[in-house]
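**Student:** Just need the structure, nothing else, for what follows:
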Amino acid sequence: MTDVRIQIEPHRVDDVLASARSRPVLVVGDVMIDRYLWGNVTRISPEAPVPVVEVERETSRLGGAANVARNLHGLGAAPELIGVVGQDEAGARLAEVLERTGIANAGLVQDPGRRTTEKTRIVARNQQVVRVDQEDRAEVADRVAEALLERVLAGLSRARAVILSDYGKGVITRALLERILPEARDRGIPVSVDPKDTHFFSYVGVSVITPNQHEAAEVLGYKLRTEDAVSRAGAELLARLHAECVLITRGEKGMSLFERDGRRTDFPVTAQAVYDVTGAGDTVVSAYTVARVGGAAPWEAALFAGHAAGLVVAEVGTAAPDLEALRRSFRGGER
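**Tutor:** I've put the predicted structure just below:
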C-alpha cells in the first residue's frame with residue numbers, strides 16, 4: 001500500500017533533534033577532500049576550444065564519508081569518523097578541515113602507499129566547468145584493513161548507530177562487512193548504508209539502505225521508469241537484503257520509502273531551488289540516521305532526510321544543513 005504522510009509538527013521536529021543531540025554515530029567509509037577553484041571565464045583558450053577560467057579563490061570542503069560526518073555534526077550528533085588517508089598534502093588538508101569543523105580525526109588510518117581521494121572542481125560564476133579526480137580505487141592492504149577493523153570494533157562500544165558510506169574507493173570490503181555487520185546486529189546497533197553497486201547485496205540485514213534511482217536500477221537490471229517499477233524495486237531490495245527499510249532517492253520526484261510491512265511512503269521534493277546535488281546522498285543518509293537515533297519512525301526519518309537534502313541542493317558545492325535551517329524548513333522557511 002502507498003502512504004502519503006508528509007507532515008510533521010514543529011514540536012516533534014524539536015523533540016527528535018533534542019533526543020539525538022550529542023549521540024555518537026560511527027561513520028565508516030571513503031573519506032575525501034573536495035577542492036574548489038572559484039573564478040570567472042573571460043575568454044576561450046587559443047590553444048583549444050575550452051574556456052579559460054581566471055581563478056579568484058580556492059576552498060576545501062569535506063567529501064564522501066567525511067561529508068557524512070560533517071552533516072551529522074551540523075545536525076547535532078557526535079560523529080566518529082573511520083577511514084583511510086595517504087601521507088600527502090590532500091590528507092593534511094582533510095585533517096585541517098576536520099579540525100576546523102570540530103570533528104575528530106583519530107579514526108583515520110594513514111597509508112603511505114595510497115593517495116587521499118581528492119576531487120578538484122573548477123567553478124566559474126557558480127557553474128562547474130570541470131572536475132579532476134585523484135584517487136586510488138583498489139581495496140586497502142590487509143594491514144590497513146586490520147587497523148580499520150580495530151577502530152570500528154572499538155567505536156561500536158560507544159555508537160548509537162553506524163553509517164557505511166561506500167563510494168567504491170576501497171575502504172568498504174566484503175571482508176570488513178562480514179565482520180562488522182554481525183557485530184553491530186548482535187549489539188542491537190542500527191546500520192544505515194549509502195551504497196555503491198560493488199557490494200550492494202553484501203549489505204544484508206541493515207536498518208536502511210539509501211540508493212538513488214540509478215543505483216537501484218543498475219543492481220536490479222531494469223529501469224525504474226514507472227511507479228510500478230519503483231514499487232517492484234523497493235520490494236525486491238527489501239526481500240534480497242532482509243533490510244528493515246529501503247529509501248530510494250528519485251531526483252525531481254522526491255523519495256520513496258519501503259518498509260517491511262509492505263508500506264510505501266512517497267515524499268515530494270522540498271527544495272525551493274536546485275543548484276548543485278553534490279553530496280545530497282550524504283545528507284539523506286545522515287539526516288535519516290540522526291532522526292532515527294532521536295526516536296523518529298522510519299517515515300518521519302525519511303521526511304527529515306528530504307528536508308535536509310532540500311537545503312543542501314540549494315547551495316553551490318558540497319554543503320551540510322544545520323539545526324536551525326532544518327527547523328525553519330519544517331516551519332515553511334519562517335525565521
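**Student:** When you work out contacts or count neighbours from here on, use the C-alpha atoms and nothing else.
**Tutor:** Noted.
**Student:** And the helices in the protein, which stretches?
**Tutor:** Using DSSP state H, the helices of the chain run over residues 10-20, 65-74, 89-101, 142-156, 174-187, 213-220, 227-241, 280-293, 298-312, 323-330.
**Student:** Can you spell out which helices and strands pack onto the fifth one?
**Tutor:** In terms of contacts (3 or more Cα pairs under 8 Å, 6 or more residues apart in numbering; DSSP states H and E), helix 174-187 is packed against helix 142-156.
**Student:** Could you give the average pLDDT over the helix it packs on?
**Tutor:** The predicted model gives helix 142-156 an average pLDDT of 97.
**Student:** ok, now stretch 45-54?
**Tutor:** Per-residue scores along stretch 45-54 average to 93.
**Student:** residues near L72, how many?
**Tutor:** A total of 31 residues lie near L72 under the criterion other Cα atoms under 10 Å.
**Student:** A78 is in contact with that one, correct?
**Tutor:** Yes: counting by Cα atoms under 8 Å, L72 touches A78, with 6.8 Å between them.
**Student:** and for the two, which residues touch both?
**Tutor:** Residues touching both L72 and A78 by Cα atoms under 8 Å, 6 or more residues apart in numbering: V25.
**Student:** Turn the helices of the chain into JSON lines, columns for distance to E54.
**Tutor:** Converted to JSON lines, these look like this (distance: least, Cα to Cα, whole Å):
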{"stretch": "helix 10-20", "distance to E54": "43"}
{"stretch": "helix 65-74", "distance to E54": "28"}
{"stretch": "helix 89-101", "distance to E54": "23"}
{"stretch": "helix 142-156", "distance to E54": "40"}
{"stretch": "helix 174-187", "distance to E54": "44"}
{"stretch": "helix 213-220", "distance to E54": "35"}
{"stretch": "helix 227-241", "distance to E54": "45"}
{"stretch": "helix 280-293", "distance to E54": "28"}
{"stretch": "helix 298-312", "distance to E54": "27"}
{"stretch": "helix 323-330", "distance to E54": "33"}
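**Student:** right, so of those helices, which gets closest to G113?
**Tutor:** helix 142-156 (10.6 Å; Cα to Cα).
**Student:** quick one: the closest one to helix 174-187, angle?
**Tutor:** 10 degrees (axes from the mean of the first three to the mean of the last three Cα atoms, to 10 degrees).
**Student:** just for this structure, where's the confidence low?
**Tutor:** For the chain, the stretches with pLDDT under 70 are 1-6, 271-277, 316-317, 333-335.
**Student:** Do me a favour and get the end-to-end distance for stretch 210-226?
**Tutor:** Start to finish, the residues bounding stretch 210-226 are 19 Å apart (Cα to Cα, to the nearest Å).
**Student:** what do you get for stretch 304-323?
**Tutor:** Across stretch 304-323, first to last residue, Cα to Cα, it's 11 Å.
**Student:** And the contacts of it?
**Tutor:** With Cα under 8 Å, 6+ apart, stretch 304-323 has contacts from 17, 34, 61-63, 67, 70-71, 74-76, 126, 254-255, 267, 269-281, 283-288, 291, 325-326, 329-330.
**Student:** hmm, which of those residues are the buried ones?
**Tutor:** Among these, those buried by neighbour count (16 or more other Cα atoms under 10 Å) are 17, 34, 61-63, 67, 70-71, 74-76, 254-255, 267, 269-271, 276-281, 283-288, 291, 325-326, 329-330.
**Student:** any idea how far Y167 is from I122?
**Tutor:** 21 Å.
**Student:** Please apply the same query to P46.
**Tutor:** 37 Å.
**Student:** With neighbour numbers in mind, choose between these two.
**Tutor:** In this view P46 and Y167 are compared by other Cα under 10 Å, and Y167 has more residues nearby, 20 against 9.
**Student:** residue contacts, the more buried one?
**Tutor:** G29, D30, G64, P195, K196.
**Student:** on that earlier part again, and V109, which of the helices of the chain is closest to it?
**Tutor:** Comparing the helices of the chain by Cα to Cα, helix 142-156 comes nearest, at 6.8 Å.
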